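S.K.: I would like to see how this sequence folds:
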Amino acid sequence: MKINSPLDAYKYLPGTNCGRCGEDTCMAFASHLIDRSKSAKDCLPMIEEDKYAKKLEELEKLLAPEIREVTIGTGEKSVNIGGDDVLFRHKLTFFNKTAYAYDVTDTMDDKELEERINTIQTFKKFYVGEFLTLDMVAVRCVSGKPETFASTVKKVIGLTELPLILCSFDPAVLKAALEVAADKKPLMYAANQENWKEVAGLAKEYEVPVTLFAPNDLDLLKSMAKTFAEMGIEDLVLDPGTFPTGKELKTTFENFLKIRRAGIDGDGEIAYPIMAVPLTAWMAYDDDVSASYWETVVASVLTVKYGDIMIMHSIEPYALLPEMHLRDTIYTDPRKPVTVDPGVWEVGSPTADSPIIVTTNFALTYYTVESDISSNKIDCYIVVADTEGIGVEAAVAGGQLTADKIKKTLENAKFDLKEKTNYNTVILPGLSARLQGDVEDKVGSKVLIGPADSGRLPGWLEKNWPPQDK
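M.R.: Below is the predicted model of the structure:
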């Protein structure tokens, strides 16, 4: 029986509350086992004392995800895929984001290769408190020549630390690349019905993960996965084919559903991460606009259901941003609001004459306010109250945003309004106007009520700041 609750995990722990794991109690430690922020081996008594050995083994087995987790690459840039336990994120969460790999080919000249690699590895977009980035490079063999492919792979390794996917159905080509790249733990793409014996031999020899490719043939895909597992090769990725048009796109979608449902329901023979290749849109459409559009559509659909890793081509922002924003949304833990740390934060270079604006620690609220202020080059302080990740209107209604919370935030930040500002005045969001009197009493400052929409703050400040009276 799969363990899905802290109480179930707690039954296997010593129950001594020794604190050596870094938590105050074994129950607190158990909760971290469920969210995977700690592992069973972090419980030192279970490691050190023989009487717990059997329980530790059982606990690790029961905590193991239904879908095997596969690691590609090495070091800080390595990528984990798979590792899910549920079909629907609201039941638990999805742990490892879909890995996006963008292609280069072994027929590119050195300048083109370097420019494309640089674009892939330096792309980043700031979004709700973090930078969205690309994950991997897929090196495709177009020349058909092992030595040419190996030379290109070596150049790519010299240009980036991102994990690699080595793309060829020719075992000789894959072997040549592995001779220069095996220590980087790349993903081989791919073993199929014709080459599986040779590719399996390479996977065992070089100890690297491998993709199994059986287009629209789930029985063959399962048979190959079972065969590889029996050979001791378990770092597998399954590719049932990605067909970007018409009824075949519907079939692709259904195949992804069938594989993931079977894996979550306990069919261990097919419980592996799934590969999607939206790049196939470039083979189906003659013009770049259509190809890029449909690649983005397919990538978005299969990010939701249940692509764990993808190979794509288009690196233009209009293609990347929809994919990445959707991925970030799907892989945000639905049980935990996205928050920023409470405190008093500076925007620009505020002085004693700068405005002090109150908001909540819901990340989307904070970064919207911060962006509206910084983009207009307004120097100010933002007082971020801990509202448990709830936005202004709901936090006021639910009692998470109060005068006491605002006072506590200022006190914890050691921010004395009378000492650090010339106006002893704070600005509350328009949606929290009802708190004005309480804040004035508790904080001991004057309170102005700003606009409900932070986008109107620049115009509002022009008319209302500095305050008319100190």
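S.K.: contacting residues for Pro322?
M.R.: Contact partners of Pro322, counting by C-beta atoms under 8 Å, 6 or more residues apart in numbering, are 296, 300. Glycine gets a C-beta too; all of them are placed from N, C-alpha and C.
S.K.: can we see that at 10 Å?
M.R.: Listed by C-beta atoms under 10 Å, 6 or more residues apart in numbering, the contact partners of Pro322 are 296-297, 299-300.
S.K.: just those: which are in helices?
M.R.: Members of the contacts of Pro322 lying in helices (criterion: DSSP state H): 296-297, 299-300.
S.K.: so which of these wins on neighbours?
M.R.: The most neighbours of any of the ones in helices among the contacts of Pro322, using other C-beta atoms under 10 Å, belong to Ala299, which has 30 neighbours.
S.K.: now that residue, nearest residue through space, not along the chain?
M.R.: Leaving aside its sequence neighbours, Ala299 sits nearest to Pro278 (C-beta to C-beta, 6 or more residues apart in numbering; 4.3 Å).
S.K.: Phe256 versus the one you found, what's the distance?
M.R.: To Phe256, Pro278 is 12 Å away according to C-beta to C-beta, to the nearest Å.
S.K.: any residues in contact with both of these two?
M.R.: With C-beta under 10 Å, 6+ apart as the test, Pro278 and Phe256 both reach 242, 301-302, 307.
S.K.: between the residues you listed, which sits nearest Phe29?
M.R.: For those, the residue nearest Phe29 by C-beta to C-beta is Gly307; the value is 33.3 Å.
S.K.: secondary structure element for the residue positioned nearest the centre of the chain, which one?
M.R.: Closest to where the C-alpha atoms of the chain average out (C-alpha atoms, centre = their mean) is Lys97, at 4.1 Å. Here Lys97, judged by DSSP states H and E, is contained in no helix and no strand.
S.K.: in contact with it, which residues?
M.R.: 79-81, 132, 135, 303, 308-309, 324, 327-328, 330-332.
S.K.: again with Thr359
M.R.: 340, 345, 365-370, 382-385, 387, 391-392, 395, 401, 427-429, 432, 450, 454.
S.K.: what subset of those residues is buried?
M.R.: Among the contacts of Thr359, those buried by neighbour count (16 or more other C-beta atoms under 10 Å) are 340, 345, 365-370, 382-385, 387, 391-392, 395, 401, 427-429, 432, 450, 454.
S.K.: so can I have CSV of the shared contacts of Pro278 and Phe256 showing neighbour count?
M.R.: Shown next, in CSV, are these (neighbours: other C-beta atoms under 10 Å):
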residue, neighbour count
Thr242, 26
Val301, 17
Leu302, 23
Gly307, 26
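S.K.: so which of these sit within helices?
M.R.: 301-302.
S.K.: all the strands of the stretch 251-400 of the chain, residue numbers only.
M.R.: 275-276, 309-312, 343-347, 356-360, 380-385 (DSSP state E, counting those that start in this stretch).
S.K.: reformat the ones you listed as CSV; add distance to Gln193 and mean pLDDT.
M.R.: Putting these into CSV (distance: least, C-beta to C-beta, whole Å; pLDDT from 0 to 100) gives the following:
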stretch, distance to Gln193, mean pLDDT
strand 275-276, 16, 98
strand 309-312, 20, 98
strand 343-347, 58, 96
strand 356-360, 56, 97
strand 380-385, 57, 97
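S.K.: let's have those in a markdown table, adding distance to Lys145.
M.R.: Below are the strands of the stretch 251-400 of the chain laid out as a markdown table (distance: least, C-beta to C-beta, whole Å):
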| stretch | distance to Lys145 |
| --- | --- |
| strand 275-276 | 25 |
| strand 309-312 | 21 |
| strand 343-347 | 55 |
| strand 356-360 | 59 |
| strand 380-385 | 58 |
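S.K.: where does this structure have low pLDDT?
M.R.: For the chain, applying pLDDT under 70 flags the ranges 1, 469-470.
S.K.: residues in contact with the closest residue to Thr365 other than its chain neighbours?
M.R.: In this structure, Thr365 finds its nearest non-sequential neighbour in Gly391, 5.0 Å apart by C-beta to C-beta, 6+ apart. By C-beta under 10 Å, 6+ apart, Gly391 lies in contact with 337, 359-362, 364-366, 368, 400-401, 429, 431.
S.K.: give me that answer again for 7 Å
M.R.: 360, 362, 365 (C-beta atoms under 7 Å, 6 or more residues apart in numbering).
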